Structures are given as C-alpha cells and as structure tokens.
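Engineer: Could you look at this predicted model? Sequence included:
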Amino acid sequence: MGAMPSANRPAGPFTPLDFQLVLLRRMADHNPGPVEDARRELGVSLAEMREANRRWQAMVRSRHARSAAARYRSVLGEPVSVAPRRIGDLECEARQWRLPLWPDLRFEILVAANGAVWNEWLVRAPDAPAPELRTLEDLTPWSCTVDEAARAFAPARPLEGTAPTRWGLAFTAPDAQGVPHEVTAEFTWGLLQRTAVGERLRP
C-alpha cells in the first residue's frame, strides 16, 4: 500500500487508509509499539497519523456533520456485508467493511431502524478462525475482540470504557499453571489493548 500524501499538501478525500490511522491513533495510548509497526507497514509518518485523526475529529464535531452511518459509507465505501441483527428486543442492521491492516477482522457498525449508530468496532471476519483463549498468557494485545474474550471467559461483566471507543470487561481467567485470577481487560475499537491482574497492568 502506498504512502499518504504529505501532510503539508492540500488534503484530499478522507480514505480507508486515513480511517485506519484514526483507529491506530487511539490504540497508541496503550500500545505504541504495535501501532508504530502498523504505521510503518502503511507507509505513513507520525504527523500524517495525527493529521488523519484531526480531520476525523473535525468531521465528527462539525455542525454540518452527516450521520455516523453516512460518514462511514462515505469513507469506507459500500459495506462487504449487511445483515439484520437482533440484540435483546431491539432490531438493527450490522454493516461490515474490510480493513487491509487487519485482514482477519471487519469493522462493524450496528445501525438502528431510525439510522442511529449504536455501536462501532472491530469484529472477527466470518471466514477467519477465532483465537484460542484459555489462559492469561493468551490475552496479548490485539489478540482478540470484545465478544471473543467474553465468550472464552464467561461469565464476563462489561465495564464502562475510560474514553469513547473503549470498552472494558471483568472476568476470571487461569494462568498457565491453572491458578484463577480476577482480570480486567480494556479494548479500543473492540480490539484488546491491555489487561490488569489485580493492580498490575499487562503490558
């Protein structure tokens, strides 16, 4: 994939590459190492990543901003899949897009009947194998999504995120020796970023 135009050139349309940089910018708060590797893979500079995030925030906060659902379609194109989804008593539509940086994942939004976006995060692609999550050691950064961790270590209790696009889960997981531990896991855009066992953060 080619590099983005230099940040000192006129800005063009906001692209899927720009959007991937927005996801990375938020993840960099906890995992600068993997984010740095991903940024280099995409062939962009730190300044370009920051500029993509600035432009995205400006679009979201603009008084003339289009709806979230329309914004995602404008940036990412037509979704690769659209399917009805039922959550409790609520009916919605799940729309998914491919992102080259995470080929085994899809970016998904859940759209209510009135067009409002209820959720926006990364989920496992339907044709990609789910990770094997059995112990604490399996919970490495970017290894799993919210729903995968919740299923693997059920029952998991949802926690309020520390910022927009962040989620938390509390659950019990064994270590490699089979000793159970109380774990708090934090996710950004639906992807695992770090875990805390007691007061000790990992990583």
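Structural biologist: Happy to help now that I have it.
Engineer: just checking, what packs against the strand or helix carrying residue 69?
Structural biologist: Counting by DSSP states H and E, the element that carries residue 69 is helix 68-76. The helices and strands touching helix 68-76, judged by 3 or more CB pairs under 8 Å, 6 or more residues apart in numbering; DSSP states H and E, are helix 16-27, strand 90-98, strand 105-112, strand 117-124. C-beta here means a position set from N, CA and C on the backbone, and glycine is covered the same way.
Engineer: nearest to residue 63, of these?
Structural biologist: Among the helices and strands packed on helix 68-76, strand 117-124 comes nearest to residue 63, with 18.6 Å by CB to CB.
Engineer: Confidence-wise, which helix or strand of the protein is lowest on average?
Structural biologist: Taking mean pLDDT, DSSP states H and E as the measure, the chain has strand 200-202 as its least confident helix or strand, at a mean of 46.
Engineer: The helix holding residue 69 versus strand 105-112: what angle between them?
Structural biologist: Per axes from the mean of the first three to the mean of the last three CA atoms, to 10 degrees, the angle that helix 68-76 makes with strand 105-112 is 150 degrees.
Engineer: Report the mean confidence score over the helix or strand just after helix 68-76.
Structural biologist: As assigned by DSSP H and E, the chain's next helix or strand after helix 68-76 is strand 81-87. Confidence over strand 81-87 (mean pLDDT, whole number) is 91.
Engineer: give me the low-pLDDT residue ranges for this protein?
Structural biologist: Residue ranges of the chain with pLDDT under 70: 1-11, 65, 199-203.
Engineer: per-domain residue ranges of it.
Structural biologist: As recorded under automatic domain parsing, the domains making up the chain are 16-61, 77-124, 136-202.
Engineer: Enumerate every residue touching the residue lying closest to residue 170 once chain neighbours are set aside.
Structural biologist: Spatially, and ignoring its direct neighbours in sequence, residue 170 is nearest to residue 157 (4.5 Å; CB to CB, 6 or more residues apart in numbering). By CB atoms under 8 Å, 6 or more residues apart in numbering, residue 157 lies in contact with 169-171.
Engineer: Right, I'll leave it there.
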